[in-house]
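1. using only what follows, build the 3D model:
(one chain, ligands or ions: 1)
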Amino acid sequence: MQDAIVDALRPCLGGLIVDGTAGHGGHTQALLEAGAERVLAIDLDPDAVRWLSIRFQDESRVQPLHASYSDLSQAIGAERAAGVLLDLGVSSRQLETPARGFSFRLEGPLDMRFDSTAGAPAGQLVNRLPEADLAALIREYGEERRSRAIARRIVASRPIETTTELARVVARAFPGRRRRHPATRTFQAFRIATNDELQVLREGLAGTRLALRADGRLAVIAFHSLEDRIVKQTFRRWAQEGLGEVLTRRPLRPNRSETQRNPRARSARLRVFVAFRSN
Ligand SMILES: C[S@@+](CC[C@H](N)C(=O)[O-])C[C@H]1O[C@@H](n2cnc3c(N)ncnc32)[C@H](O)[C@@H]1O
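-> Residues are numbered from 1 along each chain as shown. So this is what the prediction gives:
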């Protein structure tokens, strides 16, 4: 996937590239190796930005920034970006840090915020939402068919303090064994709601297009169908409005060796849009 991302942004290497979800900086590094002249490496997670500042301390081409990609226009002011990359979702470092509360396998608080300095942690939704709202949240953001049974068990088990406790409560709503952990979709739902991810994505895509120069490219990697649908429909609408062209008729997917190395990459889908003119 990294090769596909670099290929998608290759025509942009001479201008400003924004890695809007820079995380550990893996894609930023790949873009530098391909010859990028300047990368603005944004992340909403202050820990990730600290890490980026250390990783790229001797690299004058990289500027780390704590911000949301949805505030890109403010971050770059009057300048226009040649390329923007959004690699959505949670990073492996976040997932593997128990204190962040993203993983149902590791005991931790019910936090799940990308920016742990702002907003309310997931525990507030888990422990305060009325049962019907919980069921709607789990159904809508988790695309979970057993949402009502899960919501009922959550309400009966409150207060729920930790990730593994929530995972056990959710699992009780699933008789029998399954291929995926039964809490996968419910955790996705609480994470999306905690960070308002779909609304941020809608606003972020709109703002990003305005921040592109003529021939500027926007590459987005989505990890679940809710995100991918928003990206696909937005790109299609922009193309219909004559604002640019979708370069990926079908989304690009990781190949088999990549998914063997990193099973979490299985559901990744890359779509690329090129703007005809700047705004
Ligand atoms: C899948 S990881 C990116 C990994 C990265 N491409 C790398 O190579 O290490 C997604 C990152 O997006 C960040 N993120 C989530 N929402 C964001 C937002 N609204 N603005 C900026 N960063 C965000 C998360 O904190 C996380 O670090």
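2. may I have the phi/psi pair for the residue in the stretch 101-250 of the chain that the ligand sits nearest to?
-> Closest residue of the stretch 101-250 of the chain to the ligand, Cβ to the nearest ligand atom: residue 114 (4.1 Å). Using the backbone N, CA and C atoms, a C-beta is placed for each residue, glycine as well. Torsion angles at residue 114 (phi, psi; degrees, to the nearest 10) stand at phi -70, psi -40.
3. report how many residues lie close to it.
-> Other residues near residue 114 number 25, with proximity taken as other Cβ atoms under 10 Å.
4. give the contact list for it.
-> By Cβ atoms under 8 Å, 6 or more residues apart in numbering, the residues touching residue 114 are 44-45, 90, 94, 195.
5. neighbour count, distance to residue 188 and pLDDT added to those, as TSV?
-> Below are the contacts of residue 114 laid out as TSV (neighbours: other Cβ atoms under 10 Å; distance: Cβ to Cβ, whole Å; pLDDT from 0 to 100):
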residue	neighbour count	distance to residue 188	pLDDT
44	22	18	98
45	23	18	98
90	21	9	96
94	22	14	98
195	19	11	98
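6. from those, which land in helices?
-> Among the contacts of residue 114, DSSP state H puts 94, 195 in helices.
7. filter the contacts of residue 114 down to the ones close to the ligand.
-> Applying Cβ under 6 Å from any ligand atom to those, one finds that 44-45 fall near the ligand.
8. which of the contacts of residue 114 lies closest to residue 14?
-> Taking Cβ to Cβ as the measure, residue 14 sits nearest to residue 44 out of those, at 27.6 Å.
9. wait, that closest one sits on residue 67?
-> Yes: Residue 44 lies in contact with residue 67 (Cβ atoms under 8 Å); the separation is 7.1 Å.
10. got phi/psi on residue 221?
-> phi -110, psi 120.
11. and it, how close does it get to residue 134?
-> Residue 221 is 29 Å from residue 134, where distance means Cβ to Cβ, to the nearest Å.
12. what do you get for residue 191?
-> From residue 191 to residue 134 the distance is 15 Å (Cβ to Cβ).
13. for those two, indicate the residue with more neighbours.
-> A direct count of neighbours by other Cβ under 10 Å for residue 191 and residue 134 places residue 134 higher, at 25 against 22.
14. could you give the average pLDDT over the one helix or strand the more buried one maps to?
-> According to DSSP states H and E, residue 134 maps onto helix 131-142. Average pLDDT, helix 131-142: 98.
15. what of stretch 266-277?
-> In this model, stretch 266-277 carries a mean pLDDT of 93.
16. for the ligand, what are the nearby residues on the stretch 51-200 of the chain?
-> By Cβ under 6 Å from any ligand atom, the residues of the stretch 51-200 of the chain that approach the ligand are 68-70, 87, 89, 91, 114, 200.
17. quick revisit: mind listing what the closest residue in space to the residue of the stretch 101-250 of the chain closest to the ligand that isn't next to it in sequence touches?
-> Counting by Cβ to Cβ, 6 or more residues apart in numbering, the nearest residue to residue 114 once its immediate chain neighbours are dropped is residue 44, at 4.4 Å. Applying Cβ under 8 Å, 6+ apart to residue 44 gives the contacts 21, 66-69, 114-115.
18. if we use 10 Å, what do you get?
-> By Cβ atoms under 10 Å, 6 or more residues apart in numbering, the contact list for residue 44 reads 20-21, 66-71, 113-118, 195, 200.
19. so which of those belong to helices?
-> Among the contacts of residue 44, DSSP H puts 195, 200 in helices.
20. can you say which of the contacts of residue 44 are buried?
-> 20-21, 66-71, 113-116, 195, 200 (16 or more other Cβ atoms under 10 Å).
21. so which of these comes closest to residue 270?
-> Residue 270 has its nearest neighbour among the buried ones among the contacts of residue 44 in residue 21, at 13.2 Å by Cβ to Cβ.
22. I'd guessed the closest one sits against residue 89; true?
-> Yes: Residue 21 is in contact with residue 89 according to Cβ atoms under 10 Å; the separation is 8.1 Å.
23. quick one, strands of the stretch 101-250 of the chain?
-> Counting by DSSP state E, counting those that start in this stretch, the stretch 101-250 of the chain has these strands, from start to end: 212-222, 244-246.
24. what are the contacting residues of whatever helix or strand comes next after the shortest one?
-> The C-terminal neighbour of strand 244-246 among helices and strands, as given by DSSP H and E, is helix 256-261. Applying Cβ under 10 Å, 6+ apart, the external contacts of helix 256-261 come out as 1-4, 253-254, 265-268.
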